[in-house]
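**Student:** missing the sequence, but the structure's below:
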């Protein structure tokens, strides 16, 4: 059987991407799980055109809520051409009945436990409507099919050593999608880090951990990092801010080649942090924590969210100066988004604050899908764009790059140069995040409120 795996994407910047940095791990992981008796191709819609005249027997679509309208468009086209279509990912996991209006079958949850069964049923034309994946130990997972990645990505070595996160942030669906916290055998992770068959030296040198919180289990991560030291690689990941309290861990991060760590800082407002259930973040210690990471020559990437109930337009715009003041090297700034499977979604639904006229394309982290407390939806959008423009203005970007060149290790300085240049170029070219009110080609095509209000939708699978 010929299988096309498509990682769905909707353009999130007005003029698209000038360059593309790193792929998600989903497609190449599914390809690796696929038995060798099948022929498999992986398409990343972010960088590749979709072949609607494919000779594939089965098309598998992976998507999250913000890309759902495009996933359904693709599914409808492929089904009209007689292809079997299956859907998976966070959105299909939480809205399976809706997804079955467009797909022949849905895979919910994690794929490892049911992927081969699903493919066997597809081969026999006996697909069931829903396959429910369950969490399994992360043992004997195959190496991702790096050979199937397009050349468009600057970084290719994406790795997952752990799955899940011990924290329960109000806006995050990870605990629902990937329950618990599981770790892969160190030897298997080291094998993937050692993969060196990429065309460019930096693609062999750099590993990007696709983990939600790599450092959550200290004994495990220290064991992993000790094995990484002799490899002399560069790597980056997400972690919690309390890593700076563990000097042994910090020593090992430096020795093993860490060039960047991402913190979910989210806000400079204590009440907003409490609302987000991120009480472990201490605003007074932000600068101290960043300085501790910088002492090791490691860059600090950080996420900030606009739209908590205690935010105002002024406080959102002030975040640009605040993140600069504490020394953040690469900021990521999003808008609070009520994804299904989160406490935030339940609260906003109960309060009647989910906007009924916003389709799924508004659930992309850069648009407003709910009624803010202290602003109108449009005021929140305007404040976020002002924050984005200021944070990536030439003055702020150049300051971060120069500081990195002076204080960070070579890999971290390179990371700062590349990523600040990436977003700084967007700002100079007037290429901000897309306003779906003006841009969306899916307007009224897939209204999110239909799923919110519907108790059940009848599946339309031809193979049930």
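**Tutor:** Received, thanks. Bear in mind the structure is a predicted one, so any value in this text is a computation, not a measurement.

**Student:** How is the nearest residue to residue 151 once chain neighbours are set aside classified with respect to secondary structure?
**Tutor:** Closest residue to residue 151 apart from its sequence neighbours, by C-beta to C-beta, 6 or more residues apart in numbering: residue 199 at 7.3 Å. No exception for glycine: its C-beta is placed from N, CA and C like everyone else's. Under DSSP: H, G, I helix; E, B strand; the rest coil, the three-state class of residue 199 is coil.

**Student:** List the contacts of the closest residue to residue 404 other than its chain neighbours.
**Tutor:** Spatially, and ignoring its direct neighbours in sequence, residue 404 is nearest to residue 416 (3.5 Å; C-beta to C-beta, 6+ apart). Neighbour list for residue 416: 299, 329, 330, 400, 401, 404, 405, 408 [criterion: C-beta atoms under 8 Å, 6 or more residues apart in numbering].

**Student:** Wait, a helix at residue 416?
**Tutor:** Yes. Assessed by three-state DSSP, residue 416 belongs to a helix.

**Student:** how close does it get to residue 307?
**Tutor:** 27 Å (C-beta to C-beta, to the nearest Å).

**Student:** The residue nearest to residue 123 when sequence neighbours are not counted: neighbouring residues, count only.
**Tutor:** Excluding the flanking residues, the one nearest residue 123 by C-beta to C-beta, 6+ apart is residue 1, at 5.1 Å. By other C-beta atoms under 10 Å, the residues close to residue 1 number 16.

**Student:** Check the gap between residue 1 and residue 89 for me.
**Tutor:** The gap separating residue 1 from residue 89 is 21 Å, by C-beta to C-beta.

**Student:** and what of residue 212?
**Tutor:** For residue 212, the distance to residue 89 equals 16 Å [C-beta to C-beta].

**Student:** Over to residue 58?
**Tutor:** Distance of residue 58 to residue 89, computed by C-beta to C-beta: 16 Å.

**Student:** Neighbour count for those two, which is higher?
**Tutor:** residue 89 (26 against 23).

**Student:** my read: the more buried one touches residue 64, true?
**Tutor:** Yes. Using C-beta atoms under 8 Å, residue 89 and residue 64 qualify as a contacting pair, with a distance of 5.6 Å.

**Student:** Need the phi and psi values for the residue of the chain most remote from its centre.
**Tutor:** Each residue of the chain has a distance to the centre, and by C-alpha atoms, centre = their mean the biggest one is for residue 124: 33.9 Å. The phi and psi values for residue 124, taken as degrees, to the nearest 10, are phi -90, psi 0.

**Student:** Okay, it and residue 68: tell me how far apart.
**Tutor:** Residue 124 is 29 Å from residue 68, by C-beta to C-beta.

**Student:** Same check on residue 223?
**Tutor:** Taken as C-beta to C-beta, the span from residue 223 to residue 68 is 39 Å.

**Student:** Among those two, which residue is more densely surrounded?
**Tutor:** Higher neighbour count among residue 223 and residue 68: residue 68, with 31 against 14, using other C-beta under 10 Å.

**Student:** For the more buried one, which non-adjacent residue is closest in space?
**Tutor:** residue 360 (3.9 Å).

**Student:** Also residue 420?
**Tutor:** Of all residues not flanking residue 420 in the chain, residue 397 sits nearest, at 4.7 Å (C-beta to C-beta, 6+ apart).

**Student:** any idea which helix or strand carries the one you found?
**Tutor:** helix 394-407 (DSSP states H and E).

**Student:** helices and strands around that helix, which ones?
**Tutor:** Counting contacts by 3 or more C-beta pairs under 8 Å, 6 or more residues apart in numbering; DSSP states H and E, helix 394-407 is packed against helix 313-325, helix 410-428.

**Student:** To residue 136, which of those helices lies closest?
**Tutor:** Minimum separation from residue 136 across the helices and strands packed on helix 394-407 (C-beta to C-beta) falls at helix 410-428, 33.5 Å.

**Student:** what's the following helix or strand after the closest one?
**Tutor:** Later in the chain than helix 410-428, the nearest helix or strand by DSSP H and E is helix 436-439.

**Student:** if we can go back for a sec, and the two most separated of the contacts of residue 416?
**Tutor:** The span of the contacts of residue 416, defined through C-beta to C-beta, is set by 330 and 405 at 14.0 Å.

**Student:** for the stretch 301-450 of the chain, which spans come out with low pLDDT?
**Tutor:** Residue ranges of the stretch 301-450 of the chain with pLDDT under 70: 440, 443-450.

**Student:** let's see it at 90
**Tutor:** Residues of the stretch 301-450 of the chain that meet the criterion pLDDT under 90 lie in 341, 357, 437-450.

**Student:** And the strands in the stretch 51-200 of the chain, which stretches?
**Tutor:** Applying DSSP state E, counting those that start in this stretch to the stretch 51-200 of the chain gives strands spanning 58-62, 84-88, 105-108, 130-132, 158-159, 162-163, 182-183.

**Student:** would CSV of those with mean pLDDT be doable?
**Tutor:** Supplementary listing: the strands of the stretch 51-200 of the chain in CSV, determined by pLDDT from 0 to 100:
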stretch, mean pLDDT
strand 58-62, 98
strand 84-88, 98
strand 105-108, 98
strand 130-132, 98
strand 158-159, 97
strand 162-163, 96
strand 182-183, 96
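
**Student:** Ok, which of those strands comes nearest residue 256?
**Tutor:** Of all the strands of the stretch 51-200 of the chain, strand 158-159 sits nearest to residue 256, with 13.4 Å by C-beta to C-beta.

**Student:** Skipping its backbone neighbours, what lies nearest residue 158 in space?
**Tutor:** Counting by C-beta to C-beta, 6+ apart, the nearest residue to residue 158 once its immediate chain neighbours are dropped is residue 25, at 4.5 Å.

**Student:** so how far is residue 207 from the one you found?
**Tutor:** Plainly put, residue 25 is 12 Å away from residue 207 if you go by C-beta to C-beta.

**Student:** neighbour count winner among the two?
**Tutor:** Between residue 25 and residue 207, residue 207 has the larger neighbour count (other C-beta under 10 Å), namely 26 against 18.

**Student:** Helix or strand next in line after the helix or strand containing that one, which one?
**Tutor:** Under the criterion of DSSP H and E, residue 207 resides in strand 206-209. Note on strand 206-209: by DSSP H and E, the next helix or strand toward the C-terminus is helix 218-228.

**Student:** could you give the mean pLDDT of that following helix?
**Tutor:** Across helix 218-228, the average pLDDT comes to 98.

**Student:** The following helix or strand past it: how far from the chain's middle?
**Tutor:** Counting by DSSP H and E, the element after helix 218-228 in chain order, helix or strand, is strand 234-238. For strand 234-238, the distance from its own C-alpha centre to the chain's C-alpha centre is 15 Å (C-alpha atoms, centre = their mean, to the nearest Å).
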